[in-house]
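Chemist: Any chance you can model this:
(one chain, ligands or ions: 1)
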Amino acid sequence: MAIDLRSEFQAPAVDAAADAARRVIDALVRSGGMTDADMSAIADRLNAVADDLEAAAPPVADRLVDMWRGDGITRHDPVAGPENPIAPPLEYSAVDSRTIEAVTTLGLPYQGPPSCVHGGVSALLLDHTLGVANGWAGVSGMTAELTLRYHRTTPLFEPLTVTARQVSVDGRKIRTTGEITAGGGTCVSAEGLFIAKHPPRPR
Ligand SMILES: CCCCC/C=C\C/C=C\C/C=C\C/C=C\CCCC(=O)SCCNC(=O)CCNC(=O)[C@H](O)C(C)(C)COP(=O)(O)OP(=O)(O)OC[C@H]1O[C@@H](n2cnc3c(N)ncnc32)[C@H](O)[C@@H]1OP(=O)(O)O
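Modeler: Numbering: from 1, shown residues only. As a prediction, the model looks like this:
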């Protein structure tokens, strides 16, 4: 079953703009200094876009309230948020009532070792995916501990499967596991302890 990204709040043009920003980030990292493009002119054009966006943007406090409308999954987060350009973004599917997964392919902006995913990026993907698995399973909380094991390097440019499963709930303590696999092999595995607590939503 595909995830419902709170369809009542979807704005296709916003998601399209975030997709365009992802393309820009990828192209900038790919280009570096090895480009014939006029990077000064490109910086001017990108700054002009940012000027337009900033001039029309709401106060941050209002946007925070807007971000936390509704229940369930968010659209702004840095892992699955379609309207956040730093999110790949992951699209989750249910495997069973306590397990979710997403398939994604990461490019140069997420690089750590040569042609490999940065370990901190893997940690980010797993932390968030474990958290969403908890939400899917019905009892969620804040990350108190996250233990990662990096079994082998995680490749860029290849499909990665990110999986998470809620294992147990004991009072406020929630234990959740997950992994990133590539080509059927485990690259990173994670064990998380989450504590059932929810900071108040901005109003
Ligand atoms: C397929 C479709 C999917 C559809 C999905 C559907 C729904 C999804 C819905 C929502 C999902 C959306 C998003 C979720 C995604 C991602 C989540 C992101 C997670 C984060 O990004 S989150 C930020 C990082 N995180 C922090 O910023 C935490 C900072 N921290 C604190 O806020 C406190 O520290 C806290 C709250 C952790 C605890 O504080 P507290 O006061 O509430 O708890 P307290 O101290 O009373 O402890 C109670 C018992 O927990 C034990 N305990 C506590 N802490 C421990 C630790 N660290 N290690 C081991 N044990 C610990 C104690 O030892 C005691 O144990 P005992 O009862 O046995 O004595």
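Chemist: gap between the residue lying closest to V24 once chain neighbours are set aside and the ligand?
Modeler: Closest residue to V24 apart from its sequence neighbours, by Cβ to Cβ, 6 or more residues apart in numbering: L46 at 7.0 Å. C-betas here are computed from N, CA, C, even on glycine. Counting by Cβ to the nearest ligand atom, to the nearest Å, the separation of L46 from the ligand is 30 Å.
Chemist: helix or strand for L46, which one?
Modeler: Following DSSP states H and E, one finds L46 within helix 39-56.
Chemist: For the ligand, see how far away P88 is.
Modeler: 15 Å.
Chemist: okay, now that residue: neighbour count?
Modeler: Neighbour count of P88, defined by other Cβ atoms under 10 Å: 22.
Chemist: Quick one: residues contacting it.
Modeler: By Cβ atoms under 8 Å, 6 or more residues apart in numbering, P88 lies in contact with V79, T104, L106, Y110, L125.
Chemist: one more time with 7 Å, if that's ok
Modeler: P88 makes contact with T104, L106, according to Cβ atoms under 7 Å, 6 or more residues apart in numbering.
Chemist: how about it, phi and psi?
Modeler: Here is the backbone geometry of P88 (degrees, to the nearest 10): phi -50, psi -40.
Chemist: And it, how close does it get to C187?
Modeler: 15 Å (Cβ to Cβ, to the nearest Å).
Chemist: Check V103 too.
Modeler: Distance of V103 to C187, computed by Cβ to Cβ: 14 Å.
Chemist: With neighbour numbers in mind, choose between the two.
Modeler: Taking neighbours as other Cβ under 10 Å, V103 and C187 compare with C187 leading, 21 against 14.
Chemist: name the element the more buried one belongs to?
Modeler: strand 185-195.
Chemist: List the buried residues for that strand?
Modeler: T186, C187, V188, S189, A190, E191, G192, L193, F194 (16 or more other Cβ atoms under 10 Å).
Chemist: now swap in stretch 123-142 and tell me
Modeler: By 16+ other Cβ under 10 Å, the buried positions in stretch 123-142 come out as 124-137, 140-141.
Chemist: of those residues, list those near the ligand.
Modeler: The residues of those that also fall near the ligand, by Cβ under 6 Å from any ligand atom, are D127, H128, G131, V132, G135, W136, S140.
Chemist: Around the ligand, pick out the residues from the chain.
Modeler: With the criterion set to Cβ under 6 Å from any ligand atom, the chain comes near the ligand through 3, 72-74, 92-94, 100, 127-128, 131-132, 135-136, 140, 142-145, 172-173, 193, 195, 197.
Chemist: Tell me the secondary structure at T143.
Modeler: strand (DSSP: H, G, I helix; E, B strand; the rest coil).
Chemist: can you give me the helices for this protein?
Modeler: Assigned by DSSP state H, the helices in the chain fall at 12-31, 39-56, 60-67, 119-137.
Chemist: Lovely, talk soon.
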